[in-house]
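Visitor: What shape does this take:
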Amino acid sequence: MDYFLTPTPLFKSIESQNLKKTLHILQTKPEQASIWIVRRCNTSLPPSSSSGSSPLLSSATNRNPNVVWKRLPIHEACLRNPCVNLMEALINAYPTGMKLSDAAGRLPLHHACIHGVNEQVILKMILVHPESMLVEDMWGKTPLKVLEASTHKEKKRIVGLLEKGPGYYFRRVVEEEMIIKKEKERQRTKEEFENYKKRHQQKLASMEETLYQERLKFQEREANHTKQFIDLVTERDQMKAQKERMMKEHDALLQKSKKWRGTVDDSASGLMKLRTEMNEAHIEHSKVIQKMNKNLMTSNRKGKKDAQEILRLTDLLQRTKKSLKDHQQMLKQNETSKKQSNSSHLILQDTKKNYSSSQQENTPLEPSTSSFAESMCVRVGRLTSENKALVERNKDLHEKLLQVDHLSQLLLTLSASFESLDTHKDSLVKLAEDQRAEIRQIESMYEKRTTRIGKSKHSFVSKMEKDISALRSEFALPRV
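Guide: Predicted structure coming up:
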């Protein structure tokens, strides 16, 4: 980069000898330590820029008349008598800069020897790059020759450093590296040992704690094991007793199962009998109901016929009552006529007596009396015939009265029979309802009994299976 146009901040801070700023730039932007700064002859020189050049460098740039000088920040620092911290920072930022020469072929060590850099900085530079002691610039001068021609304050001591040669410093570098390496290794081993010691102590403390906890657990486990052993021994004795008891129960269950099988078979046969009896009772009940229905139908029919007959008889009774009234009137008339006939009969008898007496005395009857007697005889004959007819009619009326009494009694018996039929009908209906309820009750009892028998059979079979499985598992238990 051009010195006047685009110089780096690091180069300008080194040039102005601002140590704090230079160190800050090297920490934040170390890449600026590897940038070359070039000053060309065609640019106008400011009056203050000639302090960093030398007559040797200006005569040496005749090969490239456009370039006055070409430097890295480390070259510029060696021109300004840097401190050790600055040199270490530049070396750490760009270590390769110690091996690179400027436009005059000079390394940073050449500039340090020319411009009176102190002994520690030069020693630091030699230790970083010992081969720079043997490098010659474009005039064929090594750093030692350049130092001999200079007016350095610590010239004798630095010459002593340079006369030792690169081999000495190689060995020293190696030794220092070995010492540093050993020190680092020793420090690392010490740290590792300390860490290991801490870890070991922590591990030992944790192991002691775990050992104490394990000891407590072991004691608890031992106590639990002894308790479990005692429990197992008692359980073994209990299991033996239980095994014997289960064997007895198994035998008893087998006997019970045989009995239950027999009872189940008996109950099944009983159920079949009960079912047949129920069917028969149902059939009989249906027959009885059919018969009762028939009887009811016939009784209804008879009741209708009897009602018709009663109606007919009531009509007949009313007619007979009317005829009786008529006949009673006729009887009254007949009695009156009978009285008249009786009186006429008496008269007739008197006339007969008179006639007989007159015949005995042979006295002739008067014509009036004879005609009267004849008329009376005719009238008596008519009355006797009427009397006979009346007697016959009375007999008929008496018979009709008897028939009426018989009909009234028949009506009473029919009404009583109707009442009895109604009561019998109600009783039959009630009996049919009772029989139906009884049949429903018997059917519900039969269903409950069948379900109860099925449940008891299922529970008995499941209990037997559980008992058998428990006995099998009991027999298969391991010995304690």
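
Visitor: for the record, mean pLDDT for the helix or strand encompassing residue 122?
Guide: Following DSSP states H and E, one finds residue 122 within helix 119-128. Mean per-residue pLDDT for helix 119-128: 88.

Visitor: This protein - how does it break down into domains?
Guide: 9-163, 287-475 (automatic domain parsing).

Visitor: can you list contacts of the next helix or strand along the chain from the helix holding residue 122?
Guide: Next along the chain after helix 119-128, taking DSSP H and E as the criterion, comes helix 143-148. Residues outside helix 143-148 that contact it (Cβ atoms under 8 Å, 6 or more residues apart in numbering): 107, 109-110, 112-114, 132-133, 135, 137, 155, 158-159, 162-163. For every residue, glycine as well, the C-beta is placed using N, CA and C.

Visitor: Buried ones only from those, please, as a PyMOL command.
Guide: Command for PyMOL, covering only those of those found buried under the criterion 16 or more other Cβ atoms under 10 Å:
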select buried, resi 107+109+110+112+113+114+132+133+135+137+158+162
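
Visitor: And the furthest pair within the contacts of helix 143-148?
Guide: Across the contacts of helix 143-148, no pair lies farther apart than 135 and 155, at 19.9 Å, counting by Cβ to Cβ.

Visitor: Would you double-check that residue 69 falls in a strand?
Guide: Yes - Residue 69 forms part of a strand when assessed by DSSP: H, G, I helix; E, B strand; the rest coil.

Visitor: Write down the beta-bridge partners of it, one by one.
Guide: The partner list for residue 69 in beta bridges (DSSP bridges) reads residue 39.

Visitor: measure it to residue 102 for me?
Guide: Distance, residue 69 to residue 102, using Cβ to Cβ, to the nearest Å: 6 Å.

Visitor: repeat for residue 115
Guide: 13 Å.

Visitor: Over to residue 82?
Guide: Counting by Cβ to Cβ, the gap from residue 82 to residue 102 is 16 Å.

Visitor: Give the residue from those two that has the larger number of neighbours.
Guide: Per other Cβ atoms under 10 Å, whichever of residue 82 and residue 102 has more neighbours is residue 82, with 25 against 22.

Visitor: okay, now the residue nearest to that one when sequence neighbours are not counted: neighbour count?
Guide: Nearest non-adjacent residue to residue 82, counting by Cβ to Cβ, 6 or more residues apart in numbering: residue 121, 6.2 Å away. Neighbour count of residue 121, defined by other Cβ under 10 Å: 21.

Visitor: OK, contacts around residue 121?
Guide: By Cβ under 8 Å, 6+ apart, the contact set of residue 121 is 82, 83, 84, 87, 112.

Visitor: How many residues are close by the third one?
Guide: Read it as residue 84. 12.

Visitor: Quick one: end-to-end length of stretch 98-105, please.
Guide: For stretch 98-105, the first-to-last residue distance is 12 Å (Cα to Cα, to the nearest Å).

Visitor: which of the residues in it are buried?
Guide: Taking 16+ other Cβ under 10 Å as the criterion, stretch 98-105 shows 98, 101, 102, 103, 104 as buried.

Visitor: which SS class is the fourth one?
Guide: At residue 103 the chain is in coil, as set by three-state DSSP.

Visitor: which one is it nearest to, not counting chain neighbours?
Guide: Closest to residue 103 by Cβ to Cβ, 6+ apart is residue 70, at 4.0 Å.

Visitor: which ones are touching the one you found?
Guide: Counting by Cβ under 8 Å, 6+ apart, residue 70 has contacts 36, 37, 38, 39, 102, 103.

Visitor: Could I get the phi/psi values of the last one?
Guide: What that stands for is residue 103. Dihedral angles of residue 103 (phi, psi; degrees, to the nearest 10) stand at phi -70, psi -20.

Visitor: That one contacts residue 66, doesn't it?
Guide: No - look at residue 103 against residue 66 with Cβ atoms under 8 Å: they stay out of range, at 10.7 Å.

Visitor: one step back: mind putting the domains of the chain into a markdown table with distance to residue 176?
Guide: Below are the domains of the chain laid out as a markdown table (distance: least, Cβ to Cβ, whole Å):
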| stretch | distance to residue 176 |
| --- | --- |
| domain 9-163 | 7 |
| domain 287-475 | 85 |
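
Visitor: buried sites along the helix holding residue 122?
Guide: Neighbour counts over helix 119-128 (16+ other Cβ under 10 Å) mark 121, 122, 123, 124, 125, 126, 128 as buried.

Visitor: Same check on stretch 227-239?
Guide: Neighbour-count burial for stretch 227-239, counted by 16+ other Cβ under 10 Å, picks out residue 239.

Visitor: Please apply the same query to stretch 144-160.
Guide: By 16+ other Cβ under 10 Å, the buried positions in stretch 144-160 come out as 144, 145, 146, 147, 152, 154, 158.

Visitor: Pull the most distant pair out of these.
Guide: Maximum pairwise distance in the buried residues of stretch 144-160, criterion Cβ to Cβ, is 17.0 Å, between 145 and 154.

Visitor: now the helices for the protein?
Guide: All helices of the chain, identified by DSSP state H, fall at 9-15, 19-28, 55-60, 73-78, 84-93, 108-114, 119-128, 143-148, 155-163, 165-361, 367-475.

Visitor: now for the last one, which elements pack on it?
Guide: Helix 367-475 is packed against helix 165-361, with contacts defined by 3 or more Cβ pairs under 8 Å, 6 or more residues apart in numbering; DSSP states H and E.

Visitor: Same question for the fifth one.
Guide: With contacts taken as 3+ Cβ pairs under 8 Å, 6+ apart, helix 84-93 sits against helix 19-28, helix 73-78, helix 119-128.
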